[in-house]
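S.K.: Predicted model follows, preceded by the sequence.
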Amino acid sequence: MTFSFTDFFDRTVHDIANCTRKVLISVDYRLAPERPFPVPLQDCLDVTKHVLKHGKALGIDVNSVGVAGDSAGGNLAAAVALALSKEKTPGIPPIKYQILAFPATQAMDLRTPSMVEIGERLPLPSAYQMGGFWAAYLGLDPTKLDEYALMMKYNRHVPPQLLEKSKFAKYLDRQNLPEKFREPRPEIMKNYYTPPEKAGVVSSYDAKLYDKIKDTLVNPLFSPLMAPESDLSGLPEALVIVAEFDVLRDDGLLYAHRLRKAGIKTELFINRGYHDDFFRVYPDFLHSKTGEKSLEAMCSFTEKKA
């Protein structure tokens, strides 16, 4: 949503197309901060609708189309699935599945166990960077993104009661995570974690910032995790891929939990790697054995959708 471009992912897209023997269309959507929410989502929606309307001319079976994305793209794929499931436009068949790899599904709580545990240990993405990405996508002043990134990293963008007592708090409940991930693991945080008080962060939230973003934060097309169950229940089946050592791990786990609770057939694949580790620019760049397993899970899931 905020950086990169389709050519950057060309080899990975080729790998997926090669193993699934399916047509893949990579959307070169416009990026924040120049084009914040909902522009990137609308670009993805427009392309998806075009494919569903005119797929035959592209050699595509429109009755077996799925959406997929990783990281920010996982957010957009989930949002496209939500939007299309509600629209039910005449002449546009429903999508059949969604693949959400390392998805960013919410910007309300950037102090999830995985954010705290991994947020200062790995360089990309860090918890601070995620705060900046979200701030850009929210359309906040681009000259102050560093300031907003730090505020969001420590949840100063929302009032505490929103995370504790609101109707949205239950979607972020740590009890919805697998037991081993419900608390940050000290052995992983060791020597890498800086408590807020040592970072010079004040504890009070910024009411002016919250007032600017409060409606967007809970918009399901911005934060799919915040969707009401009635919206989730109409979604296609899903594969959710998360990495154990990724700040976005809990975003994916919490969304998979909600999909299952809404009655959606959902496969969950947890690899022991890091963020986007199936992604490749060159044959060996950012490539790993755990990433291979994620790619295999994606291909296996897709092959069954013929």
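M.R.: Thanks, I have the structure now. Numbering: from 1, shown residues only.

S.K.: Output stretch 108-117 as CSV, nothing but the C-alphas.
M.R.: Below are the C-alpha coordinates for stretch 108-117, written out as CSV (Å, rounded to 0.1, in the frame of the first residue of the first chain):
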residue,chain,number,x,y,z
MET,A,108,-6.0,-0.5,16.1
ASP,A,109,-3.5,-2.5,18.2
LEU,A,110,0.2,-2.3,17.4
ARG,A,111,1.1,-3.9,20.7
THR,A,112,0.0,-7.5,19.9
PRO,A,113,2.3,-10.2,21.2
SER,A,114,4.1,-10.6,17.8
MET,A,115,4.5,-6.8,17.5
VAL,A,116,6.1,-6.6,20.9
GLU,A,117,8.1,-9.8,20.5
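
S.K.: so how far is whatever helix or strand residue 136 lives in off the chain centroid?
M.R.: Assignment of secondary structure by DSSP states H and E places residue 136 within helix 127-137. Offset of helix 127-137 from its chain centre (CA atoms, centre = their mean, to the nearest Å): 13 Å.

S.K.: For that helix, name the packing helices and strands.
M.R.: With contacts taken as 3 or more CB pairs under 8 Å, 6 or more residues apart in numbering; DSSP states H and E, helix 127-137 sits against helix 113-118, helix 145-153. C-betas here are computed from N, CA, C, even on glycine.

S.K.: And the helices in the stretch 1-150 of the chain?
M.R.: With DSSP state H, counting those that start in this stretch applied, the stretch 1-150 of the chain shows helices at 10-20, 39-54, 72-87, 113-118, 127-137, 145-153, listed in chain order.

S.K.: Any idea how far apart the tips of stretch 244-255 sit?
M.R.: Its start and end residues considered, stretch 244-255 measures 15 Å (CA to CA, to the nearest Å).

S.K.: do the same with stretch 205-223
M.R.: Stretch 205-223: ends 20 Å apart by CA to CA.

S.K.: Can you name the residues that contact the closest residue to residue 196 other than its chain neighbours?
M.R.: Beyond its immediate neighbours in the sequence, the residue positioned closest to residue 196 (CB to CB, 6 or more residues apart in numbering) is residue 154, lying 5.2 Å away. For residue 154, the contact set (CB atoms under 8 Å, 6 or more residues apart in numbering) comprises 110, 111, 196, 199, 201.

S.K.: Fine by me, we can end here.
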